[in-house]
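*Asks:* Fold the following and give me the result.
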Amino acid sequence: MKEKIEKINLLIAEKRDRLKEKTERYFDNIRVPVSPSISSASPSKQGNIPPISYILYGIAGISAFFAVTTDSKMLYTGIAAASAFGGYKLSQNSRSSVSQFDEIVPSLSAVKTNATSEVVESVKKITKEWDEFMELKQKEMQLLIDMSSMDKSQKDSLASKIFIYEVIDISIAEFLNIINSATDEADIKQKINTYKEQVLNAIDNTANKQIAKYSSLIS
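*Replies:* Modelled structure (predicted):
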């Protein structure tokens with residue numbers, strides 16, 4: 001019985017290490033988009049109309065003047081129309097680029113929501129895997145006790161020690177409080193990393209307590 005319990009404890013330690021590796025991977029894959037700083041923004045990002053637009057508008061105005069004061073009305077009218085249209089298109093393209101940029105960069109609230117969703121999903125997968133693993137180990141341990149040569153009172157005593165297995169004690173509500181206080185994208189990433197460390201510690205503590213619980217049966 002002792003050897004079998006030690007083997008089960010070894011499997012628990014291996015599961016602990018695998019869950020920690022998965023936690024690292026899950027959390028490291030959570031992407032937090034960072035908005036570009038204002039100083040690095042291009043003129044179109046700031047909503048400025050390119051200087052060439054004003055030049056084309058100027059040509060349009062001059063051409064319109066000559067169309068009125070000279071005999072070559074058709075020529076200057078054509079130049080005026082073409083220049084005005086060119087200036088209009090450039091200014092519209094500039095405004096359009098600003099609109100597209102605003103649509104691409106998510107708000108801080110949206111980034112928080114997405115990060116929270118991914119963190120919650122990661123924690124669910126980790127805790128579910130642990131629970132499914134431990135349910136199997138509990139059945140194995142109970143079978144070991146039942147098949148032992150001990151009398152009924154001894155079996156009942158051992159079974160009572162392992163009746164409930166250790167669960168990964170990590171609070172999702174705590175992460176919600178942490179993430180809500182984030183002030184920017186960099187802060188969100190930092191808080192995700194902080195919570196990741198809490199999850200890793202919780203996995204460590206849970207597995208170690210479970211190993212100690214099973215070890216108490218043979219100590």
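*Asks:* so which helix or strand takes in E140?
*Replies:* helix 108-147 (DSSP states H and E).
*Asks:* now V167
*Replies:* Counting by DSSP H and E, V167 is part of no helix or strand.
*Asks:* ok, and what's touching stretch 13-20?
*Replies:* 126, 129-130, 133, 200, 203-204, 206-208, 211 (CB atoms under 8 Å, 6 or more residues apart in numbering). (Each C-beta comes from the backbone N, C-alpha and C, glycine too.)
*Asks:* Rounded mean pLDDT for that stretch, please.
*Replies:* Regarding stretch 13-20, the rounded mean pLDDT is 98.
*Asks:* For it, C-alpha coordinates in CSV please.
*Replies:* The C-alpha trace of stretch 13-20 is given here as CSV (Å, rounded to 0.1, in the frame of the first residue of the first chain):
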residue,chain,number,x,y,z
ALA,A,13,3.5,16.2,-8.4
GLU,A,14,3.8,15.6,-12.1
LYS,A,15,0.2,17.0,-12.6
ARG,A,16,1.2,20.0,-10.5
ASP,A,17,4.1,20.8,-12.8
ARG,A,18,2.1,20.3,-16.0
LEU,A,19,-0.7,22.6,-14.7
LYS,A,20,1.9,25.3,-13.9
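*Asks:* Could you measure from W130 over to S181?
*Replies:* 29 Å (CB to CB, to the nearest Å).
*Asks:* can you pull out the helices in this protein?
*Replies:* With DSSP state H applied, the chain shows helices at 2-28, 51-69, 73-104, 108-147, 152-161, 172-180, 185-215, listed in chain order.
*Asks:* which stretch in the ones you listed is the model least sure about?
*Replies:* helix 51-69 - the lowest mean pLDDT of the helices of the chain, at a mean of 46.
*Asks:* Enumerate the positions of stretch 145-162 that are buried.
*Replies:* Buried residues in stretch 145-162, counting neighbours by 16 or more other CB atoms under 10 Å, are found at 145, 155, 158, 162.
*Asks:* got the contact list for the closest residue to the second one other than its chain neighbours?
*Replies:* Looking back up the chat, that one is K155. Once flanking residues are discounted, K155 sits nearest to I145: 5.2 Å by CB to CB, 6 or more residues apart in numbering. If a contact means CB under 8 Å, 6+ apart, then I145 has 155, 158-159, 217 as its contacts.
*Asks:* which residues touch stretch 177-185?
*Replies:* Residues contacting stretch 177-185 (CB under 8 Å, 6+ apart): 32-35, 108, 111-112, 115-116, 119, 188, 191-192, 194-195.
*Asks:* What's the PyMOL line that selects buried ones from these?
*Replies:* To isolate the buried members of these in PyMOL, using 16+ other CB under 10 Å:
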select buried, resi 32+111+112+115+116+119+188+191+192+195
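*Asks:* any idea which of the contacts of stretch 177-185 is the one closest to D151?
*Replies:* Closest approach between the contacts of stretch 177-185 and D151, by CB to CB: Y195, at 48.3 Å.
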